[in-house]
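Participant: Okay, here's the prediction I keep looking at, along with the sequence it came from:
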Amino acid sequence: MKTDPALPELPPGAFERVDDGDDLDFYAQPRLVTHIDDGAIGALTDFYRQLLPPGGDLLDLMSSWVSHLPADIAFGRVVGHGMNAAELAANPRLTERFVQDLNRQPVLPLADAGLDAAMICMGVQYLQQPLAVLRELARVLRPGAPLAVSFSNRCFPTKAVAVWRALDGVGHARLVEYYLGRAGFETIEIHGLDEGRRGDPLTVVVGRTAPYQA
């Protein structure tokens with residue numbers, strides 16, 4: 001059974017998937033579509049406007065052809081990671097791009113403490129080594145920097161891990177909160193964005209790296 005030894009509290013098989021085939025093959029065909037509707041996109045963009053530092057260096061992990069960043073704010077570096085090079089190439093907000101299967105190689109090719117914020121939009125449900133990936137994010141973020149993990153009730157169910165499929169929306173939020181806490185993030189907050197009033201229900205869990213200690 002697929003387990004994560006770093007998370008022994010979770011049941012055996014928590015990270016098994018219906019389709020455990022090669023992820024790069026699954027994502028080989030570009031999907032130039034959005035995975036949340038316009039209402040949820042608008043709510044997420046508004047949230048980013050308040051959270052992300054203007055001019056800051058960002059990492060959009062598990063990105064695609066759109067990052068939902070506010071058009072009226074300029075950022076510095078915007079590093080995009082994904083599973084399809086064509087999707088990343090079509091994203092005009094990215095200044096750097098790389099393709100990597102995080103389930104096979106969770107170590108990020110990025111320097112320590114070099115980024116001001118990071119985002120995972122509609123991707124956390126696919127991670128089979130979530131703690132390893134989130135600890136890498138904590139490594140590459142500067143002290144006190146935020147990580148925003150957003151998700152809705154949509155996913156590719158055959159690629160989502162078993163523990164995600166077994167939970168409802170509240171359970172998903174608590175699971176991500178648990179992941180972030182175990183990875184060393186602090187001041188973790190759960191935000192329900194409109195709760196589906198304007199579009200897809202969307203939740204964002206934000207954790208911050210430990211502040212600088214003199």
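Facilitator: Happy to help now that I have it. Residues are numbered from 1 along each chain as shown.

Participant: Wait, residue 62 touches residue 82, no?
Facilitator: Yes: taking CB atoms under 8 Å as the definition, residue 62 is a contact partner of residue 82 at 6.5 Å. Bear in mind the C-beta positions are built from the backbone N, C-alpha and C, glycine included.

Participant: Between the two, tell me which one has more neighbours.
Facilitator: residue 82 (23 against 19; other CB atoms under 10 Å).

Participant: Let me see the ranges of the helices in this structure.
Facilitator: Applying DSSP state H to the chain gives helices spanning 23-26, 38-51, 85-89, 130-140, 162-165, 169-182.

Participant: of all these, which lies closest to residue 14?
Facilitator: helix 162-165 (4.1 Å; CB to CB).

Participant: related to what we said a few turns ago, a markdown table please, covering the helices of the chain and showing mean pLDDT and mean neighbour count.
Facilitator: Output for these, formatted as a markdown table (pLDDT from 0 to 100; neighbours: other CB atoms under 10 Å):
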| stretch | mean pLDDT | mean neighbour count |
| --- | --- | --- |
| helix 23-26 | 80 | 14 |
| helix 38-51 | 92 | 18 |
| helix 85-89 | 94 | 17 |
| helix 130-140 | 97 | 22 |
| helix 162-165 | 94 | 19 |
| helix 169-182 | 96 | 18 |
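
Participant: and the ones you listed as CSV, adding distance to residue 153?
Facilitator: Below are these laid out as CSV (distance: least, CB to CB, whole Å):
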stretch, distance to residue 153
helix 23-26, 21
helix 38-51, 10
helix 85-89, 22
helix 130-140, 19
helix 162-165, 11
helix 169-182, 6
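
Participant: Select, out of those, the one closest to residue 102.
Facilitator: Between residue 102 and these, the shortest gap by CB to CB is with helix 130-140, which sits at 5.3 Å.

Participant: Can you pull up the most central residue in the protein?
Facilitator: With distances taken as CA atoms, centre = their mean, the residue of the chain nearest its centroid is residue 120 (1.7 Å).

Participant: Nice, that's everything, thank you.
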